Structure formats: structure tokens, C-alpha cells
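Student: Predicted coordinates and the sequence they were generated for:
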Amino acid sequence: MSKVETMRWRDGRLELIDQRLLPERFEYVVCDCAERVAEAIRSMIVRGAPAIGCAAAYGIALEALRTSGEDHPVFDATLEHAFEVLARSRPTAVNLFWALERMRHAWKRMAGQPPGLIAATLLEEAHDIFAEDLRSNLAIGERGAALVPPGARILTHCNAGALATAGHGTALGVIRSAQAQGKNVSVIAAETRPFLQGARLTAWEMVQEDIPVTLVTDNMVGYLMSRGEIDLVVVGADRVAANGDVANKIGTYTIAVLAERHGIPFYVACPLSTIDRSLESGSAIPIEERSPEEVLGFRATRWAAEGVRARNPAFDVTPAALVTALITEKDTVTRPEREKIERLFERR
Ligand SMILES: CSC[C@H]1O[C@H](OP(=O)(O)O)[C@H](O)[C@@H]1O
């Protein structure tokens, strides 16, 4: 399991790795209130669907602790505002809303109790959400590793690693678990323009653990597949609709179409908290449009012509028909469709 602590609770504060600075700089940002956490999500200090959910849960706990000395009217109003601020931070990853709903249920179960007790309960709920995500990723890793042949050359896109979760990762969790089982895999990381999660984060995570990794530009994937240099694809997800359509980082759909063209297995690894059964299909998934500035250059360097416009949809939707299997902590769903996904949520 990765030793990277994407986030940690220390002295009543939430500390987040500032993922905008990796790999050159490894620094933690300290959050003491919900607004600070919301800003960290908006600016992608913390990113990745499960990590966003965990951070938002701690953001609610921080706000409750910060105002636990107030009377109920002030405490309740401040907490309600915290839910609103966090819910507006990013629109696509359903884990954010799943985590906020979990926190709201915990709050409502404590209706009428002293604010101090409510705050302590919300912190425990946030810790539980974090711990459950880590357990889910370890289970996803084990399930997914069973699908990985020895010596497989695995393409992944964006970062669905420890940095995107409570630890171990989803797509990278499959890779870590396969490596731990002695399968001697190698990773091909697509750099993932424009935020470069692949070049900056996935490559960094794999190098830290001596898992062989080769960086490629996003537009090399078709060429590598046509030359037989990729054995399988595994990616994460930000939201899976009831019919199995998958929203993930922009460029994922392109890779899925290419994988289908070349007969390469295309796996999606995600916890149940990423599945949104309220949405009939992927067409209803909100796609975040981020600032054009992220496309026109990177950090302080601009490379695009002055005056040019830019688009920046941060995600796309891969139809379920292009997904070989959905790997979750509960089961692996081959050729996901509504009925199969529903069975994931049946009590066993
Ligand atoms: C384990 S889910 C990670 C998921 O989130 C990423 O998006 P972002 O970096 O914008 O938060 C990307 O879609 C990853 O697959």
C-alpha cells in the first residue's frame, strides 16, 4: 500500500498535500474551516473523486468544531452554509455529494444534542468515510489484480492513485495490488493534459514505489495500441450512471474508443460511492468546464497565441458498452448494465 498521506487530521486541522505543486514540491496546506476546504477542492489542491469526498467530510467536521461553542441557531446556520459552500466546489465527482449526504445524515441523527457532541460525532463520521475509502481501494485492488496477466503493460489516464483517494488508489490500486502479487507489471501513464495529473502525479506515485512507468503524451495512445504495446487499460471514475456510463477525466472516452478498436480490455475501477443511481445515463452527468487558462499554458508559462479562445471540459463520458468491466470493492461487473449495477447494492 502507498505510504503517501494525501490528507491527514492533525491537531484539529485537516492537512492536504498541495497537488498543484507536485512533483517538484511536496507541501501540506492546513485547513481550519469549510471554506478553506472548498477552496482547496476548487483550486485542485486536493482532487480525485474519493479524495474530494473525504476532504469535504472533514470540511463539515471542521466547521462544526469551529462553531461548537455557539448556540444552536448560529451553529445550525453556519453548518448549513458549510454544506452549501462545499457542494458548490466542483460538480462532477459524485463522491462529494455522497460524502456530504453521509455527513448530513450523521448530523440529523444527532438532532437536538449539544453542538459539542454533534461536532465530535461529525468528526467520527469523517474518519469513518476516510477509513472506508481506504478499505474499498484495497478490495478494488485485489479484485482488479485478478484480471491482470503477468507482465502486463497497463495504460492508465489521469491519476486514480493514492493522491486521488484515502490511499492505495483505485486504478493505481489495481496496479499496486498486481505488483504486490508478483505480476511484474509495467505502467504507461498518459500525461493527461491540461492539468497533467498523469505526468505530475501518477508518474510520481509509481516512481516512488519503483513500479516501472513510462510517460506518454495523450496523443500517443493510438499509435502504441496499433503497435501492440498496451495489454490493458485501467482508469478511475468520477461518476458512474445507473446504466454503467462512466464520467472520468477528459480523454478517457478517446482511449476507450481506441481500446475497442484494438480489442484491448478497458477496465474502470471505482468504489460504490462513485456510482450515482439517480442518473439514468451518462448524458445527465454534469461536466465541469474549467478555466481556459489551464489550456493556454501551465503555471506561469503561457504557450498559446494571445487572443485565442480555449475550451476546457474537465471530464468526458464513456458509454457502458465500451467498458469491459467495472471493478468495485463488492464485485467485478463485466459489461456493466443497469440490472448488474443494481445487484451491487443488494444486501448480501
Ligand atoms: C480515483 S478517481 C480520480 C479521478 O479524478 C480525476 O479528476 P480530477 O483530477 O479533475 O479530480 C480523474 O478523473 C480521475 O480518474
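Tutor: Structure's in. What do you need?

Student: ok, the residue nearest to residue 74 when sequence neighbours are not counted - contacts?
Tutor: With C-beta to C-beta, 6 or more residues apart in numbering as the measure, residue 67 is the residue that lies nearest to residue 74, at 6.6 Å, once sequence neighbours are left out. The way it works is simple: take the backbone N, C-alpha and C, and place the C-beta from them, glycine included. Counting by C-beta atoms under 8 Å, 6 or more residues apart in numbering, residue 67 touches 74, 75, 78, 79, 115.

Student: shouldn't residue 79 be in contact with residue 63?
Tutor: Yes: in this structure, residue 79 sits in contact with residue 63. The criterion is C-beta atoms under 8 Å, and the distance is 5.8 Å.

Student: okay, those two: which has more neighbours?
Tutor: residue 63 (27 against 24; other C-beta atoms under 10 Å).

Student: Provide the backbone phi and psi angles at the residue lying closest to residue 197 once chain neighbours are set aside.
Tutor: Spatial nearest neighbour of residue 197, chain neighbours left out: residue 159 (3.9 Å); criterion: C-beta to C-beta, 6+ apart. Residue 159 has phi and psi values of phi -130, psi 110 when expressed as degrees, to the nearest 10.

Student: From residue 247, how far out is the residue nearest to residue 74?
Tutor: 34 Å (C-beta to C-beta, to the nearest Å).

Student: same thing with residue 150?
Tutor: Taken as C-beta to C-beta, the span from residue 150 to residue 247 is 32 Å.

Student: More neighbours: which of the two?
Tutor: When neighbours are counted by other C-beta under 10 Å, residue 150 and residue 247 differ, and residue 247 comes out ahead with 30 against 10.

Student: who does whichever helix or strand that one is part of pair up with?
Tutor: Per DSSP states H and E, residue 247 falls inside strand 246-249. In the sheet, strand 246-249 lines up against strand 239-241 (antiparallel), strand 315-318 (antiparallel) (DSSP bridges).

Student: so which of these is the most packed in?
Tutor: Among those, judged by mean count of other C-beta atoms under 10 Å, the one packed with the most neighbours on average is strand 239-241 (a mean of 28).

Student: quick one, helices of the stretch 201-348 of the chain?
Tutor: In the stretch 201-348 of the chain, the segments counted as helices under DSSP state H, counting those that start in this stretch are 203-208, 221-226, 252-262, 293-296, 338-344.

Student: For the longest one, enumerate the helices and strands it packs against.
Tutor: So the one you mean is helix 252-262. Helices and strands touching helix 252-262, by 3 or more C-beta pairs under 8 Å, 6 or more residues apart in numbering; DSSP states H and E, are strand 153-157, helix 221-226, strand 232-235, strand 266-269, strand 315-318.

Student: would you list these in JSON lines and tack on mean pLDDT?
Tutor: Written out in JSON lines, the entries for these read as follows (pLDDT from 0 to 100):
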{"stretch": "strand 153-157", "mean pLDDT": "99"}
{"stretch": "helix 221-226", "mean pLDDT": "98"}
{"stretch": "strand 232-235", "mean pLDDT": "99"}
{"stretch": "strand 266-269", "mean pLDDT": "99"}
{"stretch": "strand 315-318", "mean pLDDT": "98"}
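
Student: Kindly present these as JSON lines, with separate columns for distance to the ligand.
Tutor: Converted to JSON lines, the helices and strands packed on helix 252-262 look like this (distance: least, C-beta to the nearest ligand atom, whole Å):
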{"stretch": "strand 153-157", "distance to the ligand": "7"}
{"stretch": "helix 221-226", "distance to the ligand": "15"}
{"stretch": "strand 232-235", "distance to the ligand": "6"}
{"stretch": "strand 266-269", "distance to the ligand": "8"}
{"stretch": "strand 315-318", "distance to the ligand": "6"}
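
Student: Residue 189 against residue 158, yeah?
Tutor: No: contact between residue 189 and residue 158 fails when scored by C-beta under 8 Å: they sit 9.1 Å apart.

Student: Overlap of the contact sets of those two?
Tutor: 198, 202.

Student: wait, what's in contact with residue 126?
Tutor: By C-beta under 8 Å, 6+ apart, the contact list for residue 126 reads 9, 54, 57, 58, 60, 61, 103.

Student: Whatever helix or strand it lives in and the ligand, any residue contact?
Tutor: Residue 126 is located in helix 115-145, with elements delineated by DSSP H and E. No: contact check for helix 115-145 against the ligand, using C-beta under 6 Å from any ligand atom: none in range, with a minimum separation of 8.4 Å.
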